[in-house]
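In: Next comes the sequence, and after it the predicted model I'd like to discuss.
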Amino acid sequence: MNLQQFRFIRETIRRNFNLTEASRVLFTSQPGVSKAIIEFEDELGIKIFERHGKRIKGLTKPGAAVASIIDRIMREVDNLKKVSDEFARRDEGSLVIGCTHTQARYFLPKVIPEFRKRFPKVRVSLAEGSPSQLANMVLQEQADLALATETLANVEGLTTLPCYSWEHTLVVPPDHPLTSLTSTQAKNITLEQVAQYPIITYDRAFTGRNSIDSAFASKGIVPDIVLEALDADVIKTYVDVEMGVGIIAGVAFDPRRDPGLVGIPVGHLFGEHVTRIGLKKGMFLRDYVYAFLNMCAPNLTRENIDNEVVFEDVE
């Protein structure tokens, strides 16, 4: 057995058992991939993949165990390369950040410019997606880390670290009836008051939407959600044309940036949320990744990160 066979098997699994896609990514021929897999199965004396005719349909039970071992071996091979890079080029490389639109638009602009000043030779890329997509990017090593509020903490194979906490904000036009509330009334606004108006908020996969649904359901209220969107900018656009009231992440509202809207904090209705940073368990981290994490959250020291990521059991 050899590393090339391991790569072929890992990529075949990553490409949903599509040998054509796997061979394209590996820059080789489909028959070559198929032959290498068969030779590996013959050497082990077990079938790794379930087949229907010549097509691979999935993993066998022993194949799942083999795939897990191969993934660990290839992760350590990749870590060896990263160790070499770390000591040969300590301040050069790339950093791919998986993030939702909210993180890309409102949080990361506070971090990335300073990071670029400290590490001008590091190429930074943003890969946007839904929380579940971001988790998959990190697991498949298409992104070095991911920032999101939902999903990450529940994904097997990821370690997540707290980044920052936030609450929802209700956004309305300046002439909306809710803007006539006194400061005390606004602080104590109720779900019943909010539900009097059409609501524009996030898609169910994003930014605390579950807590919004749960809060209304706990009161037996069925809100009139007239529009669901993937990011706060879209929500604010439709609030501005008076289609309804918006419920967005507090970090996405700034009175200076949004002069045509009024924000009413509603954390008491929908709770506090924590945006987390997800990293693949057992991965070797470059020095500049530690620095980036610390810029995102000062409490994330190298020691704290190592205890959670590098030395965590990955069996």
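Out: Perfect, thanks for sending it.
In: From here on, just use CA atoms for contacts and neighbour counts.
Out: Will do.
In: ok, now which ones touch Leu300?
Out: By Cα atoms under 8 Å, 6 or more residues apart in numbering, Leu300 lies in contact with Leu161, Leu293, Asn294.
In: tally of neighbours for the second one?
Out: Here the number of neighbours of Leu293 (other Cα atoms under 10 Å) works out to 20.
In: Relative to Ile112, how far out is the nearest residue to it once chain neighbours are set aside?
Out: In this structure, Leu293 finds its nearest non-sequential neighbour in Leu300, 6.4 Å apart by Cα to Cα, 6 or more residues apart in numbering. For Leu300, the distance to Ile112 equals 16 Å [Cα to Cα, to the nearest Å].
In: Can you show me the helices along the stretch 151-300 of the chain?
Out: Along the stretch 151-300 of the chain, the stretches classed as helices by DSSP state H, counting those that start in this stretch are 183-187, 191-194, 209-218, 232-240, 267-270, 287-296.
In: Highest mean neighbour count out of those?
Out: Among those, the stretch with the highest mean neighbour count (mean count of other Cα atoms under 10 Å) is helix 232-240, at a mean of 20.
In: by contact count, what packs against that helix?
Out: Under the contact criterion of 3 or more Cα pairs under 8 Å, 6 or more residues apart in numbering; DSSP states H and E, helix 232-240 touches strand 158-172, strand 199-202, strand 245-249.
In: Kindly recompute the last result at 10 Å.
Out: The elements that helix 232-240 packs onto, with contact taken as 3 or more Cα pairs under 10 Å, 6 or more residues apart in numbering; DSSP states H and E, are helix 101-102, strand 158-172, strand 199-202, strand 225-229, strand 245-249.
In: quick one: strands adjacent to the third one?
Out: Paired neighbours of strand 199-202 in the sheet (DSSP bridges): strand 225-229 (parallel), strand 245-249 (parallel).
In: can I get these in JSON lines with mean pLDDT, distance to Ala22 and mean neighbour count?
Out: Shown next, in JSON lines, are those (pLDDT from 0 to 100; distance: least, Cα to Cα, whole Å; neighbours: other Cα atoms under 10 Å):
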{"stretch": "strand 225-229", "mean pLDDT": "95", "distance to Ala22": "34", "mean neighbour count": "15"}
{"stretch": "strand 245-249", "mean pLDDT": "96", "distance to Ala22": "39", "mean neighbour count": "28"}
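In: and of these, who's closest to Val266?
Out: Comparison of the strands paired with strand 199-202 against Val266 by Cα to Cα identifies strand 245-249 as nearest, at 8.7 Å.
In: Name the nearest of the contacts of Leu300 relative to Glu11.
Out: Nearest to Glu11 out of the contacts of Leu300 is Leu161 (Cα to Cα; 28.2 Å).
In: so how many other residues sit close to that closest one?
Out: If you count neighbours by other Cα under 10 Å, Leu161 ends up with 22.
In: And the one 4 residues further on, by the same measure?
Out: Other residues lying near Ser165 total 13 when counted by other Cα under 10 Å.
In: Could you tell me which residues make contact with it?
Out: Going by Cα atoms under 10 Å, 6 or more residues apart in numbering, Ser165 touches Thr149, Gly250, Val251, Glu272, His273, Val274, Thr275, Arg276.
In: neighbour-wise, which of these leads?
Out: Neighbours here mean other Cα under 10 Å. Within the contacts of Ser165, the largest count is held by Thr149, at 24 neighbours.
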